[in-house]
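>>> for reference, the sequence and a predicted model appear below.
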Amino acid sequence: MFDTLSEKLTSVIGQFTRRGRLSEVDVDQGLREIRVALLEADVNFRVAGDLVNLIRDRALSSKVLQSLTPGEQLANIIYEELVAILSSDNHGLLSSPQPPSVAFIVGLQGSGKTTTSGKLAMKLKRDGHKVLLVAADLRRPAAIKQLEILGKGIEVPVHAEASSVKIEDVVSNSLEHAKRIAANWVIIDTAGRLHLDGQLMEELQRLKDIAIPTESLLVVDAMTGQDAVRVATEFHERIGLTGLVLSKVDGDARGGAALSISKITGVPVKFVGTGERQEDLEVFHPDRLASRIVGMGDLATLAEKAREEITYERAKEVEKKMRNATFDLDDFLEQLQQLKRMGPISGIMEMIPGFSRISKSIPSKSMDDRGLDKIEAIVFSMTPSERRNPEILNGSRKRRIALGSGTKPQDVNQLLNQFKQSKKLMKQISSGRNVSNVKELFS
């Protein structure tokens, strides 16, 4: 989501770093570029102005200008001020001392409320909580059915009643249901509208008075830009919010909403939706997002995702295979499948420090998840002996594999080349040597 902004910020930081000592003119020129980049990313103009002014005040101190490494210090100032802009109150999920805790999910129609309700339920379940989903959207056709399908997929019960039942009774009955099944979290998926209106707010206020939620979370579509800030402001003024969930941050949004929304509303962002899968809901960490924006990556989140998919024992086994040169295409395929489960490949790559600097030189098709599907098809078209010993693949075998996988022989050759490069890369990593020419993996 922050590709363009990150690219421009890292470019300016790079200019500062290469110049050695900085003058006031150098700083002002760089900050003008940063201000333009923020405005182009759809950051609110007041927020952009305040951010640039704060950076300038700190950058023009004698400590920075007289430093031998002013570029590095300025980069750190930009990072710290971004963290401050993104931070607001408590970003953690609040629970009730007397269960069940209630999460009240609100938002406009189409923002992703129902999908977010399912994702949040899955996250809480993974954290060891017993969760009840409540279908409290009786206005949108198929909303109840959608939530029931999501609940079934993650094995979380859903409280749903006929659309003829009063919505207040549905919420009241769901709380009794939660007590009967000893659920410690209730997630209420409420109705939305295509636009803000008084009737919607009055209904939400009535339901909130019944549910007494510990969390009132507004789901806003990150792709709506500054309109997301307007919506959040009005919802907060009318019903009171405890947190925000930014959905669809994996889309083509310019990212301004994420940088503006907490600063203007005073309401913290608590989660971000990073994809279409049920697992694609991340806890919001201001420092990690700021790190991504300035091109420093996000190794903490990457490590968390990796721990969810890769056991320590399996990682040691793969390392041993690398050292002994017995890593084969079955292992390669397994690694790719684990990567797919961690999320969209473009999002994973963004978490690697410095990747933004080379991303433009990597073909876009190489960052498409469909490329992983092609690799799976090619490997599955090989015999077990071919996977274990890819060096036996001659021209006729490659043509057979291409025919069986619906690809071309050159695609098979490209996969084999990537396999060789990945073996080389992973051997370098496991031996502690510096990794060289990562771009070759994506060529």
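Yep, that arrived. For clarity, every value in this text was computed on a predicted model and none was experimentally measured. Numbers count the residues shown, from 1 in each chain.
>>> where along the chain do the strands fall?
Here the chain has its strands, by DSSP state E, at 101-106, 131-136, 158-159, 185-190, 215-221, 243-247, 269-273, 281-283.
>>> mind putting those strands in TSV, mean neighbour count included?
For glycine as for every other residue, the C-beta is placed from the backbone atoms N, C-alpha and C. Formatted as TSV, the strands of the chain follow (neighbours: other C-beta atoms under 10 Å):
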stretch	mean neighbour count
strand 101-106	26
strand 131-136	27
strand 158-159	22
strand 185-190	28
strand 215-221	24
strand 243-247	27
strand 269-273	23
strand 281-283	20
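>>> so which of the ones you listed gets nearest M382?
Among these, the nearest to M382 by C-beta to C-beta is strand 281-283 (35.6 Å).
>>> about what we covered before: so which of the strands of the chain gets nearest G118?
Short answer: strand 131-136, nearest of the strands of the chain by C-beta to C-beta, at 7.2 Å.
>>> which secondary structure elements does the closest one sit against?
Helices and strands touching strand 131-136, by 3 or more C-beta pairs under 8 Å, 6 or more residues apart in numbering; DSSP states H and E, are helix 113-126, helix 143-154, strand 158-159, helix 167-180, strand 185-190.
>>> try it again at 10 Å.
Applying 3 or more C-beta pairs under 10 Å, 6 or more residues apart in numbering; DSSP states H and E, we find strand 131-136 packed against strand 101-106, helix 113-126, helix 143-154, strand 158-159, helix 167-180, strand 185-190, helix 198-211.
>>> okay, angle between the first one and helix 198-211 too, please.
Comparing the axes of strand 101-106 and helix 198-211 via axes from the mean of the first three to the mean of the last three C-alpha atoms, to 10 degrees yields an angle of 180 degrees.
>>> again with the third one
Between the direction of helix 143-154 and that of helix 198-211, the angle (the same axes, to 10 degrees) works out to 50 degrees.
>>> buried residues in helix 143-154?
Neighbour-count burial for helix 143-154, counted by 16 or more other C-beta atoms under 10 Å, picks out 143-144, 146-148, 150-151, 154.
>>> circling back to that earlier point, turn the helices and strands packed on strand 131-136 into TSV, columns for mean pLDDT and distance to L416.
What follows is the helices and strands packed on strand 131-136, written out as TSV (pLDDT from 0 to 100; distance: least, C-beta to C-beta, whole Å):
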stretch	mean pLDDT	distance to L416
strand 101-106	95	48
helix 113-126	94	37
helix 143-154	94	37
strand 158-159	96	47
helix 167-180	95	55
strand 185-190	96	47
helix 198-211	90	57
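>>> nearest to E81, out of these?
So among the helices and strands packed on strand 131-136, helix 113-126 is nearest, using C-beta to C-beta, at 29.3 Å.
>>> off-centre distance for that closest one?
In terms of C-alpha atoms, centre = their mean, to the nearest Å, the centre of helix 113-126 is set 15 Å apart from its chain centre.
>>> ditto for stretch 370-389
29 Å.
>>> again, but for stretch 217-226
Using C-alpha atoms, centre = their mean, the offset of stretch 217-226 from its chain centre is 14 Å.
>>> and the end-to-end length of it?
Between the opening and closing residues of stretch 217-226 lies a distance of 18 Å (C-alpha to C-alpha, to the nearest Å).
>>> circling back: reformat the strands of the chain as JSON lines; add distance to L51.
JSON lines is the format used below for the strands of the chain (distance: least, C-beta to C-beta, whole Å):
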{"stretch": "strand 101-106", "distance to L51": "29"}
{"stretch": "strand 131-136", "distance to L51": "38"}
{"stretch": "strand 158-159", "distance to L51": "43"}
{"stretch": "strand 185-190", "distance to L51": "34"}
{"stretch": "strand 215-221", "distance to L51": "21"}
{"stretch": "strand 243-247", "distance to L51": "19"}
{"stretch": "strand 269-273", "distance to L51": "17"}
{"stretch": "strand 281-283", "distance to L51": "23"}
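>>> all the helices of the stretch 1-150 of the chain, residue numbers only.
For the stretch 1-150 of the chain, applying DSSP state H, counting those that start in this stretch gives helices covering 3-18, 24-40, 45-59, 62-65, 70-86, 113-126, 143-154.
>>> highest mean neighbour count out of the ones you listed?
Among the helices of the stretch 1-150 of the chain, helix 113-126 has the highest mean neighbour count (mean count of other C-beta atoms under 10 Å), at a mean of 23.
>>> now that helix and strand 243-247, what's the angle there?
110 degrees.
>>> send the alpha carbons of helix 113-126 over as PDB?
Only the C-alpha atoms of helix 113-126 are listed here, as PDB (Å, rounded to 0.1, in the frame of the first residue of the first chain):
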ATOM      1  CA  LYS A 113     -17.300  -5.600   8.400                       C
ATOM      2  CA  THR A 114     -18.500  -9.200   8.000                       C
ATOM      3  CA  THR A 115     -15.200 -10.400   6.700                       C
ATOM      4  CA  THR A 116     -13.300  -8.600   9.500                       C
ATOM      5  CA  SER A 117     -15.700 -10.100  12.100                       C
ATOM      6  CA  GLY A 118     -14.700 -13.600  10.800                       C
ATOM      7  CA  LYS A 119     -11.000 -12.700  10.800                       C
ATOM      8  CA  LEU A 120     -11.100 -11.300  14.300                       C
ATOM      9  CA  ALA A 121     -12.900 -14.400  15.500                       C
ATOM     10  CA  MET A 122     -10.200 -16.600  14.000                       C
ATOM     11  CA  LYS A 123      -7.500 -14.500  15.600                       C
ATOM     12  CA  LEU A 124      -9.100 -14.700  19.000                       C
ATOM     13  CA  LYS A 125      -9.600 -18.400  18.700                       C
ATOM     14  CA  ARG A 126      -6.000 -18.900  17.800                       C
END
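>>> including distance to G395, could the helices and strands packed on strand 131-136 go into TSV?
Below are those laid out as TSV (distance: least, C-beta to C-beta, whole Å):
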stretch	distance to G395
strand 101-106	57
helix 113-126	47
helix 143-154	45
strand 158-159	55
helix 167-180	64
strand 185-190	56
helix 198-211	65
